[in-house]
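Chemist: Sharing a model that was predicted from the sequence below.
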Protein chains: 2
Amino acid sequence: MPKIDLSSVPARTGSTYPAPLDKAVEGRSSQRLGDAAGITQFGANLVTLAPGALSSLRHWHENQDEFVVVTAGTCTLVDDQGETELTPGDCAAFPAGDANGHHLINRGDTPASFVVIGTRTAAEVAHYSDLDMKVTIGDGTYRFTQGDGSPLIDPKLPKD
Amino acid sequence: MPKIDLSSVPARTGSTYPAPLDKAVEGRSSQRLGDAAGITQFGANLVTLAPGALSSLRHWHENQDEFVVVTAGTCTLVDDQGETELTPGDCAAFPAGDANGHHLINRGDTPASFVVIGTRTAAEVAHYSDLDMKVTIGDGTYRFTQGDGSPLIDPKLPKD
């Protein structure tokens, strides 16, 4: 059945971020729709943000394009230019290599959801905009370091 | 600006289908959102169907995954299993090589829209389910033939 039964796809919570940064994405859940439906060539996840929740720490990708379609509630897009509200049907795109860090915040009082499509690459590096951190992804592992590759020391959540 | 101004993206009509098959998709328009926003690694189009319009003739792809998110109205998904209604927020996926031909029809009386994401490949072959036809895509051209590769002779629109 090509139609995806959204209620049947497990909602994953938690984070790969080292503590205490993992607290940044409390209230976020993600459903791997593409995996559930048998597509493999790009990622397609339905992300739901409880009121107050963030999609991620603000970041950008070196190698992977991202595309977002909002499907419920209001997601506030935060990037280098400031804040922009996205409501159902609104779309946003984040080209690979564009160093305009971004994330979505649910500033409303009801859940907000969006579908995010991302390229699949064997390896990736993403950079964080509001703290001195990058992540190097490969072989299923996420290695968080300072921007120069040295170990993270006492990372702290950026102020919202 | 990562948010896409949908009103600024040209709406393309018309079809690559040979006449009279091109009449099958009258009432369909498509906006190339990904191109407009500078992403290149997959296609992301917003398709709007006037009442009665079809997304395409029913088909499946050999090599390209497809993923759909409905954003307005009601799209009736037609595939080998029959008909399934999709409303805003509903998603469907069509894995490459799955010979379950599909298309979307707007059987409602208001416009219906969906975002479709597709893999970009240098070449592709798609097969049509309701007539003896395939298309071979490459170098920017669309070559429509019978399923065995011989020329199309007097193609006729399949009955809805």
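Modeler: Okay, I see it.
Chemist: Run through the strands of chain A in chain order.
Modeler: A:11-12, A:28-32, A:42-49, A:59-61, A:66-72, A:75-79, A:82-86, A:91-94, A:103-105, A:112-119, A:123-128, A:134-138, A:141-145 (DSSP state E).
Chemist: Show me the one of the ones you listed that comes nearest B:Asp90.
Modeler: strand A:66-72 (8.9 Å; CB to CB). Glycine gets a C-beta too; all of them are placed from N, C-alpha and C.
Chemist: Excluding its own residues, what touches the closest one? List them.
Modeler: With contacts defined as CB atoms under 8 Å, 6 or more residues apart in numbering or on different chains, strand A:66-72 is touched by A:46, A:48, A:86-94, A:104, A:111-119, B:33-34, B:37, B:39, B:42, B:44, B:69, B:71, B:88-89, B:115, B:117.
Chemist: of those residues, buried ones?
Modeler: A:46, A:48, A:86, A:88-94, A:104, A:112-119, B:33-34, B:37, B:39, B:42, B:44, B:69, B:71, B:88-89, B:115, B:117 (16 or more other CB atoms under 10 Å in any protein chain shown).
Chemist: Poorly predicted segments of chain A, please.
Modeler: The model of chain A has pLDDT under 70 over residues A:160.
Chemist: Try it again at 90.
Modeler: A:1, A:139-140, A:158-160 (pLDDT under 90).
Chemist: residues in contact with the nearest residue in space to A:Asp130 that is not next to it in sequence?
Modeler: Take A:Asp130 and drop its neighbours on the chain: the residue closest to it by CB to CB, 6 or more residues apart in numbering or on different chains is A:Pro158, 3.6 Å away. Shown in contact with A:Pro158 (CB under 8 Å, 6+ apart): A:57-58, A:130-131.
Chemist: Please repeat the previous calculation with a cut-off of 10 Å.
Modeler: Taking CB atoms under 10 Å, 6 or more residues apart in numbering or on different chains, we find A:Pro158 in contact with A:21, A:24, A:57-58, A:128-131, A:133.
Chemist: likewise A:Thr76?
Modeler: Contacts of A:Thr76 were listed using CB under 10 Å, 6+ apart, and they are A:49, A:54, A:83-86, A:103-108, A:112.
Chemist: of the residues you listed, buried ones?
Modeler: So, by 16+ other CB under 10 Å, the buried ones in these are A:49, A:54, A:84, A:86, A:103-108, A:112.
Chemist: near chain B too, which of those?
Modeler: Among the buried ones among the contacts of A:Thr76, the ones lying near chain B by CB under 10 Å from any CB of the partner chain are A:84, A:86.
Chemist: now, among the buried ones among the contacts of A:Thr76, which is nearest to chain B?
Modeler: A:Thr84 (4.9 Å; CB to the nearest CB).
Chemist: Quick check: end-to-end length of stretch A:126-146?
Modeler: For stretch A:126-146, the first and last residues are 12 Å from each other (CA to CA, to the nearest Å).
Chemist: Next, the buried residues of that stretch.
Modeler: Residues of stretch A:126-146 classed as buried: A:126-130, A:133-135, A:137, A:144 (neighbour count, 16+ other CB under 10 Å).
Chemist: what's the most distant pair in those residues?
Modeler: Checking the buried residues of stretch A:126-146 with CB to CB, the most distant pair is A:Asp130 and A:Ile137, at 19.5 Å.
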